[in-house]
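Peer 1: just to be clear, the model below is a prediction. Sequence and coordinates:
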Amino acid sequence: RPHGSAVTMLWSVLLLGVLVCQAWAAQYVSADDCDWRTGQASPEVALRCRLQALRTGPDSTNFSLIQPDHTTSLTVLCSALFTESHLGNTTFSSLRSLRALHLEQCKISEVPERAFAGLTELRNLTVRTYNGDWGALSLALAPRALEGLSLLQRLDLGHNNMVALPPTGLCSLRQLRSLNLTHNALETVAGLGCLGALSELDMSHNRLRQLDDGVLAALGSLRSLRLRHNRLDRLAPAALAGLAQLQLLDLSNNQLSGGLPPGLLGGTDLRELYLQNNTLSLLSPRTFSGLEQLVILNLSRNHLSSDGITHDTFADLIRLVILDLSNNQLRQVNGSTFQSQYSLQILHLEHNLIENVDDNAFSSLYNLHTLMLSDNRLSHLSVFTLNGLYVLINLALDHNRLENIHLDGFRNCSSLQDLQLSSNSLSNIPDALQYLHYLISLDLSDNRITSVSNATLSGMPNLHILRLAGNRIGNMTKGTFQSLHSLRRLDLSNNQIASLEHGIFDDASALNVILLNDNLLQDINGLFMNLAHLRLLNVSCNSIEWFDYALVPRQLKHLDIHHNDIEALGNYYELEDKMHLKILDASSNHIREINAGSFPNQIEVINLSNNRISIIHPFTFMIKHNLTRVNLTQNRLQNLDINAFRLKPTKSALPEFWIAENIYFCDCSMEWLQRINSLDGQYPQVMDLAKVVCQMPFGRRRPRLLLTEANSSDFLCKYKSHCFALCHCCEFDACDCEMVCPENCTCYSDQTWNSNIVDCSFTAHSTIPARIPMDVTELYLDGNDMTHLSSHSFIGRKNLKALYLNNSNIQSLHNRTFNGLVGLQVLHLDHNKITMLQGFEFENLTSLRELHLSHNRLSSLSNRTFAALRSLEVLRLDNNYLLEFPVWQLQANTLLRHVQLGHNPWSCGCAFLSRFQTWARGSPLRDAASVRCGRRGPFLLEFDASSCGGANGTGWAEAPAAGPQEPHQLPPALVPLLIAAPSAVVLVLLGAVLAACYRRQLKLWLHSRCGLRLFDRASESPERLFDAFVAYCPKDEPFVSQVLAAELETCSGAGKRRPLRLCLRHRDLAVRGCVAEAAVVEAVQCSHRTVVVVSEQFLRSEWCRFELKAAQASSARRLIAVLLDDGGQDQWDIEARQCLRSALILRWGERRFWQKLRYALPDPQRGPPQRGGPPEPTARASAVKLV
């Protein structure tokens, strides 16, 4: 009962304290730019203020507004990067209860005396100005700036760019325990001699160059000294004298070279010593003498060699737990080096030059559990190399030169759990592994292992991770993993596996991850169906041709099948509801269509880029509720149904789709795609909509354009006839509301029929086609042969906006030709043979904005021709025969902004010239540089009209031809010369013409006979491995090897021409999968030319198409195509034509085939002649290295 009363009283006191604190907190008021917080059961307030800068003077920062009684912590953050701050005297004197003060990012150049006066309770002071942001600005402390802070225990002056400390400025801080001076510009440790109570000193990132004898002797209580990232290159032997309690010393990242002075560390009590990243090369026996308490020693990244470490170097370090000697120049581990380190647990020897480890070198390290020997030069492990390491758990031997391991090499370290043997030269799985019964992780990747069997993997029942990637493993049989019942992760990637026996993985039923990418697999049937725990499967970069979801377990989460030959995502058993697949990567395959059954319903991420998808069925993604990302780029999508991307309504984040790099055919059914991101929540967000390119049905406007730049009138569909729902006369002739496309024409309309385009261009019409739809908006009749346009040719087409009659041989217009075209805005009559306009032709075209009459034969224009065109904005009359026309009358067309009158023979009479120049100064004339008098006279705007000032002034006129002159009598001696000189010139010109006409035959003859090249560029640089890379289909191998290569790789031609060095695709680069891509690209880059043997089989093969693209992408090399089939180039698809558009095309069997081919190839390099016959295998060996 008394105990219960005490507990009740204690709870009452705590509750009362909390209520008091809450009541006081409700009354605490801070400034607007400050926020504060209190402790859970304490009235103490921590205040945090954000200011632009600290100021003094009339507008000084006033901290007296802060309530002083309970404010124990103040943090001031200055946000103005380019405004200097100033501290005044007694700035914080009102905050008498302050225990912690932090000044951050305030650009202060000086801390004056009495800056912290009144802060008698202060324990923690931080001043970080980050003055280094301003370059030369540094912080200076006044000699008495810190006086009065007798209780201060922690002082942080880091990041201030300080260059010196006041000699006695810190002496008043008798209770200071921790001092941080990092990231300054200090060059000495002067000014610290009176801090006898200091236990932690950090001067990292300064400019210290040396430590003299006894320079720190006054700091007798110092336990931690950090001097990393300075410029220390000399330490006096007694530099650490007097630091008897020192336990941590960090001298890393300095410039210490040679060895440390003997006895430097002897008078300390060091537990941790960091000397990494210096240039130490010698460790004398006395360097670490007396350091029996040292636990951590880091000597990595120095220049230590085996000769610089003796058997006595580490003799006194009997309690050492961690030793790091990595990244040095050690060549050998002697048997006596670690004799005394029986407490050592972690030893780092990686990244050295170790070639040999003496027997029993580690026998004294019976507590060692981690040994790192990776990145050395070890070639073997003997039976005694690892002797004595009974508790070793982690052993790293990767990136060495190991060729064999003794059968009993691991017998004495049977507790190993993690063994790294990757990147060595092992040709088989070592038998020594059979003793490692506790092994959990084994890495044998990047060796030379060719086979794996159950016998080689026995004895490791606890193995969880097995990595065999990057070896030469071939086919594998069932039972290989029979003893690995605990295996969770298996990596067989980048091998040469072509087939696996059914059920090979059934013995390792606990597998979670299988990696089989970059192999030669063609079928995965019967391999994974029984692996109920499998979560990740990667079979990418193989040759798999068939896939069905029944081939993988239902619990699979991540499936990667990219870069195979799969044509469909099969789902024969309709497993979409039963699969748990989250991530699917099926990119770079041959998939042609997808539907709702192509993906499990729980799918989240789908990657189908770089396939051949042309069909997406409606509602494919409708019930994929977890979908977040779909990549459909680089496919063959042309038309998409509006329901193809349809989703169920959701309030969560919409999935992200990528659909660019397809050539969409944007007809009238595709307009919805432009607005997909603004539709309701039943459609995804297309992230690359701005990059989607459309191929427009009507290419006369713009054949291709970005989807986001298309107008609604650009989305068109073809039609032959159309009858509106409200039209009741479609069954009769001459029905105005029936849309019938004229014969030999093509008609387009959008979904709303606001755009109705009729294209009858270049169809050999001699008259206006009959039955042009009444609602036509654009009519193209250009490129026909219509001499005359009769009256009322377009009557009733009130919606016609643009009419193209250019280039149609029109000679005259009737007075009512354009009658009824009240809405016409653009009229093209250019490139015809119209000679005159009488003024009535355009009377009713009041809405016309553009009139194009250029390139006709107009010589006469009526003054009222353009009078009715009050909406005219563009008028082109250039390239006609106009002599005079009162162009100043165009001022009546107030909206006119573009006029072209150039290339007309203007007469430039005085009356015309004066008025023309006056009008042209403020007119919208766009081609003034082409408007001149006559055909070759002066420019109208530059012609000096002063000649028109006189009574007889007439302006400018063509100069008359000069009259006949009496010829001079020539001397008789010059007559033969005058006859011979023109004759010689004629002969030279005739020879040049003949040489130009027959230059191809001439240069082929000279090259085949004499080895000379004319009419060609300079010879190729001889610095490439091959003269030519030959790409071809495997079915064309006989022709390439027995005919083409046999001719080019042997001596032939005049004077036994040297053979060429060829790299044949399937002879010298016999690889497949992802490796083949890099090999082909590198082979093309290492060759002067690329020869593509084009046949029907070549064009059908996807791999051959890749090689063709790789050759075409290398624009710096010339591409040569050799056609084997008789079919014409018109049978090639668009992709093949695009790749071969700039190639030199030769047909097998044509005349002078070999001469043309040898001329297109580079001349062989000069050197010692080679014998006839096939080339030596050096070229092929070099080619193999490309892989």
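Peer 2: Okay, I see it. Numbers count the residues shown, from 1 in each chain.

Peer 1: for residue 168, what are its contacts?
Peer 2: 143, 191, 194 (Cβ atoms under 8 Å, 6 or more residues apart in numbering). For every residue, glycine as well, the C-beta is placed using N, CA and C.

Peer 1: does the residue nearest to the second one when sequence neighbours are not counted lie in a helix or a strand, and which?
Peer 2: If I follow you right, that is residue 191. Leaving out its chain neighbours, the residue that sits closest to residue 191 by Cβ to Cβ, 6 or more residues apart in numbering is residue 165, at 3.4 Å. In this structure, residue 165 sits in neither a helix nor a strand according to DSSP states H and E.

Peer 1: burial measure for residue 165, as a count.
Peer 2: If you count neighbours by other Cβ atoms under 10 Å, residue 165 ends up with 19.

Peer 1: among the contacts of residue 168, name the buried ones.
Peer 2: 191, 194 (16 or more other Cβ atoms under 10 Å).

Peer 1: just to be sure, residue 1105 is in a strand?
Peer 2: No: judged by DSSP: H, G, I helix; E, B strand; the rest coil, residue 1105 forms no part of a strand; its state is helix.

Peer 1: any chance of the contacts of residue 168 in a markdown table with pLDDT as columns?
Peer 2: Below are the contacts of residue 168 laid out as a markdown table (pLDDT from 0 to 100):
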| residue | pLDDT |
| --- | --- |
| 143 | 90 |
| 191 | 87 |
| 194 | 90 |
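
Peer 1: I'd like to know which of the contacts of residue 168 is nearest to residue 377.
Peer 2: Nearest to residue 377 out of these is residue 191 (Cβ to Cβ; 50.1 Å).

Peer 1: surely the closest one touches residue 169?
Peer 2: Yes: at 6.5 Å, residue 191 counts as touching residue 169 under the criterion of Cβ atoms under 8 Å.

Peer 1: that older thread, from the contacts of residue 168, which land in helices?
Peer 2: Among the contacts of residue 168, no member falls in helices (DSSP state H).

Peer 1: just the helices in the stretch 901-1050 of the chain please.
Peer 2: 910-920, 974-997, 999-1010, 1037-1039, 1045-1048 (DSSP state H, counting those that start in this stretch).

Peer 1: so for the shortest one, mean pLDDT?
Peer 2: The reference is to helix 1037-1039. On average, the pLDDT along helix 1037-1039 is 85.

Peer 1: the longest one too?
Peer 2: For helix 974-997, mean pLDDT is 77.

Peer 1: hang on, the earlier thing: a markdown table for the contacts of residue 168, including distance to residue 566?
Peer 2: Shown next, in a markdown table, are those (distance: Cβ to Cβ, whole Å):
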| residue | distance to residue 566 |
| --- | --- |
| 143 | 80 |
| 191 | 74 |
| 194 | 79 |
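
Peer 1: which of the contacts of residue 168 lies closest to residue 657?
Peer 2: residue 191 (65.5 Å).

Peer 1: quick one: the strands in the stretch 701-850 of the chain, in order.
Peer 2: Along the stretch 701-850 of the chain, counting by DSSP state E, counting those that start in this stretch, strands occupy 704-706, 717-719, 721-723, 738-740, 746-749, 756-759, 778-780, 788-789, 802-804, 812-813, 826-828, 836-837, 850-852.

Peer 1: no, scratch that, I was asking about the stretch 401-550 of the chain
Peer 2: So, for the stretch 401-550 of the chain - with DSSP E, counting those that start in this stretch - the strands run 404-405, 418-420, 441-443, 465-467, 489-491, 513-515, 536-538.

Peer 1: could I get the ones you listed as TSV with mean pLDDT?
Peer 2: Output for the strands of the stretch 401-550 of the chain, formatted as TSV (pLDDT from 0 to 100):
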stretch	mean pLDDT
strand 404-405	94
strand 418-420	98
strand 441-443	98
strand 465-467	98
strand 489-491	98
strand 513-515	98
strand 536-538	98
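
Peer 1: now the ones you listed as JSON lines including mean neighbour count?
Peer 2: JSON lines is the format used below for those (neighbours: other Cβ atoms under 10 Å):
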{"stretch": "strand 404-405", "mean neighbour count": "20"}
{"stretch": "strand 418-420", "mean neighbour count": "21"}
{"stretch": "strand 441-443", "mean neighbour count": "21"}
{"stretch": "strand 465-467", "mean neighbour count": "21"}
{"stretch": "strand 489-491", "mean neighbour count": "20"}
{"stretch": "strand 513-515", "mean neighbour count": "20"}
{"stretch": "strand 536-538", "mean neighbour count": "21"}
